[in-house]
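>>> This is the structure alone, sequence omitted:
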């Protein structure tokens with residue numbers, strides 16, 4: 001049995017959010033969408049639920065943070081290569097997102113951040129395969 005992951009994110013404009021996420025290569029799931037929110041499939045088991053901010057607020061008694069001001073969470077997705085990390089971030093920026101900081105290169109991991117048009121933070125990373133990281137660590141020892 002696999003586990004599906006649903007990440008709920010507030011949005012001020014569902015149409016804009018939908019176009020942004022489609023530009024990243026995701027799939028719109030109309031059967032899990034309505035006037036209050038849309039479902040975006042990242043893959044077979046990971047879904048982003050972009051929900052109108054007013055409706056999102058009915059899920060909790062806590063205040064809803066403005067993601068343009070306060071970072072509540074950052075969702076990170078692995079990619080198969082550094083080039084794929086660069087490509088998805090470039091697509092996101094072209095679709096109205098913003099890259100809030102420069103790329104981070106730790107040797108064993110390369111990552112870039114992307115804020116969607118609502119300010120929600122996404123991370124994209126390429127981690128060197130474990131065997132290559134081990135070979136590199138042994139070479140440096």
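Sure, I can see it. A quick note: this is a predicted structure, and the numbers were derived from the prediction, not measured.
>>> hey, let's count contacts and neighbours off CA atoms from now on
Noted.
>>> quick one: residue 126 and residue 86 touch, right?
No - at 10.0 Å, residue 126 and residue 86 do not qualify as touching, with contact defined as C-alpha atoms under 8 Å.
>>> low-confidence ranges in this protein?
Along the chain, segments meeting pLDDT under 70 span 131-141.
>>> how is it carved up into domains?
Residue ranges for the domains of the chain, per automatic domain parsing: 1-59, 71-141.
>>> For those domains, could you give me TSV that also reports distance to residue 65 and mean neighbour count?
Listed next are the domains of the chain as TSV, based on distance: least, C-alpha to C-alpha, whole Å; neighbours: other C-alpha atoms under 10 Å:
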stretch	distance to residue 65	mean neighbour count
domain 1-59	9	16
domain 71-141	7	16
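>>> need the contact list for the residue positioned nearest the centre of the chain.
The chain has residue 122 as the residue nearest its centroid, 3.4 Å off, counting by C-alpha atoms, centre = their mean. Neighbouring residues of residue 122 by C-alpha atoms under 8 Å, 6 or more residues apart in numbering: 74-77, 113-116.
>>> nearest residue to residue 112 other than its sequence neighbours?
Leaving aside its chain neighbours, residue 112 sits nearest to residue 103 (4.7 Å; criterion: C-alpha to C-alpha, 6 or more residues apart in numbering).
>>> give me every residue that touches the one you found.
By C-alpha under 8 Å, 6+ apart, the neighbours of residue 103 are 110-113.
>>> Return the subset of those residues lying in strands.
Among these, the ones falling in strands (DSSP state E) are 110-113.
>>> Go through those and say which is closest to residue 31.
Proximity of the ones in strands among the contacts of residue 103 to residue 31 was ranked by C-alpha to C-alpha; the top entry is residue 113 with 29.7 Å.
>>> Please identify the helix or strand for the closest residue to that closest one other than its chain neighbours.
Leaving aside its sequence neighbours, residue 113 sits nearest to residue 123 (C-alpha to C-alpha, 6+ apart; 4.5 Å). Element membership for residue 123, per DSSP states H and E: strand 121-127.
>>> Just after the longest helix seen in the chain, pick out the following helix or strand.
Longest helix in the chain, counting residues (DSSP state H): helix 82-94. For helix 82-94, the following helix or strand on the C-terminal side (DSSP H and E) is strand 104-105.
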